[in-house]
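Colleague: what would the 3D arrangement of this be:
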Amino acid sequence: RSHGTHRLPLRHCTLQICFAGTTQFIQVANWLLDPLIHYFGHSDYMLEVKALAKLSGVKVGTIAVLQYMYELNANNGKMCTAVLAKHNNSIIHLRNLDYDFAEMLAGMSVQLNFKKNGKSVWTAVTQAGFLGAHTGIAFGRFALNVNERDKGSMLANLWSFITGKWGVSFLVRHVLETANTYNDAVEILKKEQLIAPTYFIISGINADEGLVITRNRANVHNIISIQDAANDNKSYIVQTNYDREVPDPEDDYRRIPAEQKMTALGDQLSEQQVMQTVMSQFPNLNVDTLLTSTMSASKHYLNTTIWY
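Modeller: Reported below is the predicted structural model:
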C-alpha cells in the first residue's frame, strides 16, 4: 500500500521524524544538505534524493533525513524479529518489522519489483519516500533483511555519515542490485563500513546457506550460521535486536520465547507453522509490528502481510 504521488504523506512523515530529535534538527539538515547533498552518502543515491525532493516538493535535507531513519534511531532496540529455518532441503526466511508510529508506516509500505530487460531481478519491501530497502530478495540468489542492533550512539553515527560510510538500507539495496551470488552478497555485507551497527540476516538457495552477520561499523562482530545452529541441535536461528552472548533485557524479552516455540515445532516445521506460532503471536507480534515478510530465494517469492 502507498499514498501514491500525493505530497501530504511525505510532509506528514517529516513531522514524525521529530522522534529522533527536534524541529531544529530538521531545520539544520535542510540548511546544510540543500546545497551540499552531493558531498554526502553515495552519489547515485543522493541524486535520487534530490529528484524525490523536487517531485514531492519537500526540501532536500528533509528527504535525506528520512533516508537515514535507521541510523537516527539505531540504538533504541525493540525493533524486529527474524527467523531462518531449514525446511525440505532449503531455507525459509521470515521477518517482522517493528518501528515507532507503526500504523503510519504501514500505510506507506510498498513492495517494489525491479526488472531488467523485462525480467524481475529483485524485489524489496520499503516505505514510500524511502529509497533504501530493509527487506528484499534477489531471485534465485539470496534473501536479505536488516535488524536493528542495540549498540552505538547518535554522535558516532553522525560522524560515520559525514565521512561517507554506508547507510544500512542503501547497502542492502546495493547488494540486491549488484551481488551475483549468495557468497558475493555475504562478502559485501562483511566488509563495507557502515554508519551504524546492525544485523544482516541472509539466506540462499541451498539448505546450508543462512547467516546472521552481526556488524560493527567497521568490521564483523560475529557470524552465526545455520550450520552452527545444527551443531547445537537446532534447525533454526532467531534474531531480534541484541547480541546473542547477552540475554534479552527484561522489558524486551522476545528471542527466548521465539526459540522455545521454534523448538516445540520440531525439525519438520513449515513456513506456515512459523508464521502462525511465532511471527503472528506476542511478543514477536506487538503494537509496533507493522509488517511480516516471508521469503524464499530458491522458490522466488517474497510475501508481505501488513498488520494495520
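Colleague: to what extent is Lys50 buried, counted in neighbours?
Modeller: For Lys50, the number of neighbouring residues by other CB atoms under 10 Å comes to 16. C-beta coordinates here come from the backbone N, C-alpha and C atoms, glycine included.
Colleague: what about the strands in the protein?
Modeller: Using DSSP state E, the strands of the chain run over residues 81-87, 90-98, 109-116, 119-127, 135-138, 142-148, 198-203, 210-215, 220-225, 236-239, 289-296, 301-306.
Colleague: of the ones you listed, flag the one that's most buried.
Modeller: Mean neighbours per residue, mean count of other CB atoms under 10 Å, is largest over the strands of the chain for strand 142-148, with a mean of 28.
Colleague: I'd say Gly107 and Leu291 touch.
Modeller: No: with contact defined as CB atoms under 8 Å, Gly107 does not reach Leu291; the gap is 11.0 Å.
Colleague: identify the bridge partners of the residue nearest to Ser235 when sequence neighbours are not counted.
Modeller: Closest residue to Ser235 apart from its sequence neighbours, by CB to CB, 6 or more residues apart in numbering: Lys86 at 4.6 Å. Counting by DSSP bridges, Lys86 is bridged to Ile91.
Colleague: isn't Lys86 right up against Lys234?
Modeller: No: the pair Lys86 and Lys234 fails to qualify as a contact (CB under 8 Å) at a distance of 9.5 Å.
Colleague: from Gly132, how far off is Asn73?
Modeller: Going from Asn73 to Gly132 by CB to CB, to the nearest Å gives 14 Å.
Colleague: please apply the same query to Asn180.
Modeller: 21 Å.
Colleague: for this structure, which spans come out with low pLDDT?
Modeller: Applying pLDDT under 70 to the chain flags residues 1-41, 74-77.
Colleague: please name the nearest non-neighbouring residue to Phe142.
Modeller: Nearest residue to Phe142 in three dimensions, chain neighbours excluded: Tyr182, at 4.4 Å (CB to CB, 6+ apart).
Colleague: assess the claim that that neighbour and Gly210 are in contact.
Modeller: No: Tyr182 is beyond contact range of Gly210, at 9.5 Å (criterion: CB under 8 Å).
Colleague: what's opposite Thr305 in the beta bridge?
Modeller: In this entry, Thr305 is beta-bridged to Thr292, by DSSP bridges.
Colleague: oh, that last question was meant for Lys119, not what I typed.
Modeller: Lys116.
Colleague: gap between His87 and Ser296?
Modeller: With CB to CB as the criterion, His87 and Ser296 are 9 Å apart.
Colleague: mind listing the shared neighbours of the two?
Modeller: Glu271 (CB atoms under 8 Å, 6 or more residues apart in numbering).
Colleague: still on that earlier bit, which one of Asn180 and Gly132 has more residues nearby?
Modeller: The neighbour comparison of Asn180 against Gly132 (other CB under 10 Å) goes to Gly132, with 23 against 9.
Colleague: how much space between the more buried one and Leu112?
Modeller: In this structure, Gly132 and Leu112 are 11 Å apart, going by CB to CB.
Colleague: wait, what's in contact with the residue nearest to Ser235?
Modeller: By CB under 8 Å, 6+ apart, the residues touching Lys86 are 92, 207, 210, 226, 230, 235-236, 267.
Colleague: one more time with 7 Å, if that's ok
Modeller: Applying CB atoms under 7 Å, 6 or more residues apart in numbering to Lys86 gives the contacts 207, 226, 235.
Colleague: try Ala179
Modeller: 138, 141, 185, 188.
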